[in-house]
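*Asks:* Sharing a sequence plus its predicted fold:
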Amino acid sequence: DVKVTQSSRYLVKRTGEKVFLECVQDMDHENMFWYRQDPGLGLRLIYFSYDVKMKEKGDIPEGYSVSREKKERFSLILESASTNQTSMYLCASTPSFGRTEAFFGQGTRLTVV
Amino acid sequence: GESVGLHLPTLSVQEGDNSIINCAYSNSASDYFIWYKQESGKGPQFIIDIRSNMDKRQGQRVTVLLNKTVKHLSLQIAATQPGDSAVYFCAENKASTGNQFYFGTGTSLTVIP
């Protein structure tokens, strides 16, 4: 089975902190994605990557950056956490373009206080 | 981003009945429409997809219908079981946008024993 693992289930950070959310997939997938999930808003795409060192902005990239130094790992970085970034963050991967089955991690519930 | 998924937020059905979850979309250029299921505390999980040139596709206990005339997508679950209780998201995918998935806001299905 494909496994997408997010490093933390729950995180509490202070306003202004730099926050790293880590995601690792074990199936050699090319594409990786970061979403945030908020009640009533569904899943919104923050950033995605289709190759090592490549990144593309999604719909809501402001306040975030990403890093993909190795194919299996995709990191989401909150440069200076703010309370409006309190959310559930979901990482996903797909094998290649044109594949519709995305595999998701279990999510990281981030609270910024 | 694209607009997809004018879901009803909640749906309750009796165990054993059939469930119908609806979704509307605005982008006629999508290649695929996909349904995901998210159980409490987990990331979304792929259920079934339908290519945009199809009208109907069946899986195990699920059927997806696509009406391109009115830009409507539905997921039918036969003989609903307690394990079907979850949030259901429709999503659309367009290869030319880089394999991004655009998710709706979700419908929470509760199965009443």
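*Replies:* Looks like it came in fine.

*Asks:* Could you check how many residues crowd around residue A:54?
*Replies:* Other residues within reach of residue A:54, judged by other CB atoms under 10 Å in any protein chain shown, total 11. C-beta coordinates here come from the backbone N, C-alpha and C atoms, glycine included.

*Asks:* Show the contacting residues for whichever residue of chain A sits closest to chain B.
*Replies:* Using CB to the nearest CB, the closest approach of chain A to chain B is made by residue A:104 at 3.0 Å. Residue A:104 makes contacts with A:4, A:90, A:91, A:92, B:43, B:44, B:45, as judged by CB atoms under 8 Å, 6 or more residues apart in numbering or on different chains.

*Asks:* Out of those, which sit inside helices?
*Replies:* Among the contacts of residue A:104, DSSP state H puts none in helices.

*Asks:* what's the most distant pair in these?
*Replies:* A:91 and B:45 (14.0 Å; CB to CB).

*Asks:* Close to chain A: what parts of chain B are there?
*Replies:* Neighbours of chain A within chain B, by CB under 8 Å from any CB of the partner chain: B:1, B:5, B:9, B:31-32, B:34, B:36, B:41-46, B:49, B:89, B:93, B:95, B:98-106.

*Asks:* Make a ChimeraX selection of the buried ones in the contacts of residue A:104.
*Replies:* In ChimeraX, a selection of the buried entries from these looks like this (16 or more other CB atoms under 10 Å in any protein chain shown):
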select /A:4,90,91,92 /B:43,44
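
*Asks:* just the contacts of residue A:104 now: which is nearest residue A:31?
*Replies:* Nearest to residue A:31 out of those is residue A:92 (CB to CB; 8.5 Å).

*Asks:* Output the contacts of residue A:104 as JSON lines; include the columns pLDDT.
*Replies:* Shown next, in JSON lines, are these (pLDDT from 0 to 100):
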{"residue": "A:4", "pLDDT": "96"}
{"residue": "A:90", "pLDDT": "98"}
{"residue": "A:91", "pLDDT": "97"}
{"residue": "A:92", "pLDDT": "95"}
{"residue": "B:43", "pLDDT": "95"}
{"residue": "B:44", "pLDDT": "95"}
{"residue": "B:45", "pLDDT": "96"}
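
*Asks:* so where does residue B:21 fall, helix or strand?
*Replies:* Here residue B:21, judged by DSSP states H and E, is contained in strand B:19-24.

*Asks:* Next one: residue B:45 from residue A:28, what distance?
*Replies:* 20 Å (CB to CB, to the nearest Å).

*Asks:* same check, this time on residue A:44
*Replies:* Applying CB to CB, the value for residue A:44 to residue A:28 is 27 Å.

*Asks:* Give me the more crowded residue out of those two.
*Replies:* Neighbour comparison, residue A:44 and residue A:28: the larger count goes to residue A:44, with 17 against 10 (by other CB under 10 Å).

*Asks:* Which residues does that one form beta bridges with?
*Replies:* Taking DSSP bridges as the rule, residue A:44 bridges to residue A:36.

*Asks:* picking up where we left off before, now, of the residues of chain B next to chain A, which are buried?
*Replies:* B:5, B:31-32, B:34, B:36, B:43-44, B:46, B:49, B:89, B:93, B:99-106.

*Asks:* So which of these are in strands?
*Replies:* Per DSSP state E, strands hold the following members of these: B:32, B:34, B:36, B:46, B:49, B:89, B:93, B:100, B:101, B:102, B:103.
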